[in-house]
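Novice: Build me a structure from this.
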Amino acid sequence: MQKNHLKIPAAGQHPLALKINWCPVSPPRTDAAVYRLTPLPEGGWRLAPLNRLERFNSLLGLAAVVLAGGGTLGILFSLWNRSAWFSGIAGVGLLALSAVIGWPVWRRRLIRPRALLFDAGTAACYRTDGRNREELLPFRDIAALQLLAKSRCYELNAVKPDGHRVNLFCHLQLEALRRDAGCLAEFLDVPLWERAEVQALYLNQSRGA
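Specialist: Model prediction:
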């Protein structure tokens, strides 16, 4: 698998590696995650984000709904009984607390990274939320994989034959990303390219482990 790696800069570079951009593709605020690579029964790979706080987030979401309900009842009661002004103030406070608790939970659900499918049957890569899947690009349009370091995460990009790049995902763990990217590069039979800075970070992390 080491044969798939090309250190940039290095002697004997692939012409396409010199042509492409080596700046990150994804926006700075793109949410990263830890992914798990698993084989597909019909052939290929599935790369799914791990959400270890799923149950905790569900409890927070339920708490936000309960608080919002209590706050709404408090406001309605204060409108019905003008003398119960304290209920209205308490209701507004509960609604504010509900928003503080609920917004991060629903934000994670709205922008949660989707899984990637590398389907050998259709020879294409897809994004999926578990119910629907959207074709990202066919295997024939992947000439190489590119691994880049960002400020707080690492991104893996698919490099097209014309040099254009498509961001596949952003990973929080470099060692896991290098391992999974190597498996995908071997499966796709394409090279995996990474900057010298990424390799230096990986070596430093390995020594500190």
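Novice: Leu97: neighbour count?
Specialist: 16 (other CB atoms under 10 Å). (Glycine included, C-beta is placed from N, CA and C.)
Novice: Now it, what are its backbone angles?
Specialist: Summarising the backbone geometry of Leu97 under the convention degrees, to the nearest 10, its torsions are phi -60, psi -40.
Novice: quick one, what contacts it?
Specialist: Leu67, Gly71 (CB atoms under 8 Å, 6 or more residues apart in numbering).
Novice: How confident was the prediction at it?
Specialist: Among the per-residue scores, Leu97 holds a pLDDT of 76.
Novice: any idea how far it is from Arg179?
Specialist: For Leu97, the distance to Arg179 (CB to CB, to the nearest Å) stands at 43 Å.
Novice: How about Ala84?
Specialist: 61 Å.
Novice: Next: Tyr154.
Specialist: Between Tyr154 and Arg179 the distance, using CB to CB, works out to 12 Å.
Novice: neighbour-wise, which of the two wins?
Specialist: It is Tyr154, of Tyr154 and Arg179, that has more neighbours when counted by other CB under 10 Å, with 25 against 13.
Novice: Which element, helix or strand, includes Gly121?
Specialist: Gly121 belongs to no helix or strand when assigned by DSSP states H and E.
Novice: Grab the nearest non-local neighbour of it.
Specialist: Leaving aside its sequence neighbours, Gly121 sits nearest to Glu42 (CB to CB, 6 or more residues apart in numbering; 5.4 Å).
Novice: Repeat that for Trp45.
Specialist: Leaving aside its sequence neighbours, Trp45 sits nearest to Phe118 (CB to CB, 6+ apart; 4.5 Å).
Novice: residue at max distance from the center of the protein?
Specialist: Summary for the chain: using CA atoms, centre = their mean, the residue whose C-alpha lies farthest from the chain's mean C-alpha position is Ser83, with a distance of 51.4 Å.
Novice: Flag the shaky bits of the protein, pLDDT-wise.
Specialist: Under the criterion of pLDDT under 70, the regions of the chain flagged as low confidence span 1-13, 28-31, 51-62, 64, 85, 101-113, 196-209.
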